[in-house]
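*Asks:* Have a look at this fold, sequence not included:
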């Protein structure tokens, strides 16, 4: 069983060679490919920098304009060769033995999305076991010293993943993917339409950054699959190994784009009018929220297309999902 490993990349030139070398050293197979999607990397003068990786196992897709991580994953899946796919960042080291374990898990769960344990890269090497889902998130859900409490725009208020504790040694269902490395089949990814992005289209599906994991997790659950964590697969996230100017900024980070993602989920995936109204009532309509609502209105043909498609294909209601994981709105 072959694997396509898909890696979004932007400006992480300090890490990419070592990450590629680590994959090659730990795959223990010749039956795989690595696709790196260069999502508009820039030099210090603001000009696009094409990425070149002289390795026969690697294909690079150079995109001169930043569209975000979701779009990069979508482009990678569109261009991958194999049915079984791994989605990971350009700052991830998977623990020895990951290749066979991922293949086995995807074979057992072709219509779901698996998640590795995310391991910190510095002592005490804290581990993160997927995430719970917060449909709505207020200040009480944040750590007391969180800077998000003072950040204008409130874009952490809807559809937020929250790190979860370990619940066992065998694979088990989790509400939300988060953190490091995911794996599934190309067929399932295409069935749920990935992150709903289209090449060269700005307002379509997931934009840049924000609600990335909640979006794909909800889609997998509501389409009748789900998400699960495999405690036996670990991936180290190199959280602080890239300089500030070279970090993957994931495109624009302004609050209106964060709100776009949350509202796109709300408009296209929360099909119960009662639940949608309850969530809308929670939102504090600050400036950035209203800007995002105008963006949604201007692109409502896209919203309707995705909503109508979801109405035909969703086999689980959001309320059923909420009850399954005891999620409170």
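*Replies:* On my side now, so go ahead. Fair warning: this is a prediction, and the values are worked out from it, not measured in the lab.

*Asks:* Which secondary structure elements does the helix or strand containing residue 321 sit against?
*Replies:* Per DSSP states H and E, residue 321 falls inside helix 318-324. Judged by 3 or more Cβ pairs under 8 Å, 6 or more residues apart in numbering; DSSP states H and E, the packing partners of helix 318-324 are helix 212-222. Where C-beta positions appear, they are placed from N, C-alpha and C, glycine not excepted.

*Asks:* Contacts for the helix it packs on, please.
*Replies:* Residues outside helix 212-222 that contact it (Cβ atoms under 8 Å, 6 or more residues apart in numbering): 69-70, 112-113, 131, 133, 159-161, 175-178, 182, 184, 188, 192-195, 206, 226-227, 261, 265, 269, 310, 314-318, 321.

*Asks:* Now, of those, which are buried?
*Replies:* 69-70, 112-113, 131, 133, 159-161, 175-178, 182, 184, 188, 192-195, 206, 226-227, 261, 265, 269, 310, 314, 318, 321 (16 or more other Cβ atoms under 10 Å).

*Asks:* Could you list which of these belong to helices?
*Replies:* 69-70, 188, 261, 265, 269, 310, 318, 321 (DSSP state H).

*Asks:* Redo these as CSV? Include distance to residue 63 and pLDDT.
*Replies:* CSV is the format used below for those (distance: Cβ to Cβ, whole Å; pLDDT from 0 to 100):
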residue, distance to residue 63, pLDDT
69, 12, 92
70, 13, 94
188, 24, 98
261, 20, 93
265, 24, 96
269, 26, 94
310, 27, 95
318, 33, 92
321, 33, 95
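
*Asks:* From those, pick the one nearest residue 210.
*Replies:* Of all those, residue 210 sits closest to residue 261, with 4.6 Å by Cβ to Cβ.

*Asks:* what's the distance between that closest one and residue 27?
*Replies:* Distance, residue 261 to residue 27, by Cβ to Cβ, to the nearest Å: 33 Å.

*Asks:* Could you do residue 107 as well?
*Replies:* 17 Å.

*Asks:* Buried ones in stretch 118-127, by neighbour count?
*Replies:* 118-119, 127.

*Asks:* Would you confirm that residue 40 contacts residue 8?
*Replies:* No. Using Cβ atoms under 8 Å, residue 40 is not in contact with residue 8; the gap is 10.6 Å.

*Asks:* any low-confidence regions in the chain?
*Replies:* 139, 142-156, 239-254, 285 (pLDDT under 70).

*Asks:* Scan it for its longest strand.
*Replies:* If you go by DSSP state E, the chain has its longest strand at strand 227-237.

*Asks:* That one to helix 212-222, inter-axis angle?
*Replies:* Counting by axes from the mean of the first three to the mean of the last three Cα atoms, to 10 degrees, strand 227-237 lies at 160 degrees to helix 212-222.

*Asks:* Relative to strand 227-237, what are the paired strands and their orientations?
*Replies:* strand 92-94 (antiparallel), strand 113-120 (parallel), strand 172-173 (antiparallel) (DSSP bridges).

*Asks:* Find out how far it is from the centre of the chain, if you would.
*Replies:* Mean-position distance between strand 227-237 and its chain equals 15 Å (Cα atoms, centre = their mean, to the nearest Å).

*Asks:* Next up, the contacts around residue 169.
*Replies:* 231-232.

*Asks:* That one falls within a helix, correct?
*Replies:* No. Assessed with DSSP: H, G, I helix; E, B strand; the rest coil, residue 169 is coil; it does not lie in a helix.

*Asks:* secondary structure class for the nearest residue to residue 76 once chain neighbours are set aside?
*Replies:* Distance criterion Cβ to Cβ, 6 or more residues apart in numbering; nearest residue to residue 76, sequence neighbours excluded, is residue 6 at 3.4 Å. For residue 6, the secondary structure call by three-state DSSP comes out as strand.

*Asks:* so how many other residues sit close to residue 6?
*Replies:* By the criterion of other Cβ atoms under 10 Å, residue 6 has 26 neighbours.

*Asks:* what do you get for the one 5 residues further on?
*Replies:* Under the neighbour criterion other Cβ under 10 Å, residue 11 is assigned a count of 23.

*Asks:* swap in residue 80?
*Replies:* 22.

*Asks:* what's the answer for residue 163, then?
*Replies:* Neighbours around residue 163, by other Cβ under 10 Å: 15.

*Asks:* Pull the contacting residues for the residue lying closest to it once chain neighbours are set aside.
*Replies:* Closest residue in space to residue 163, ignoring its immediate chain neighbours: residue 128 at 4.8 Å, by Cβ to Cβ, 6+ apart. For residue 128, the contact set (Cβ under 8 Å, 6+ apart) comprises 117-120, 163-164, 178-180.
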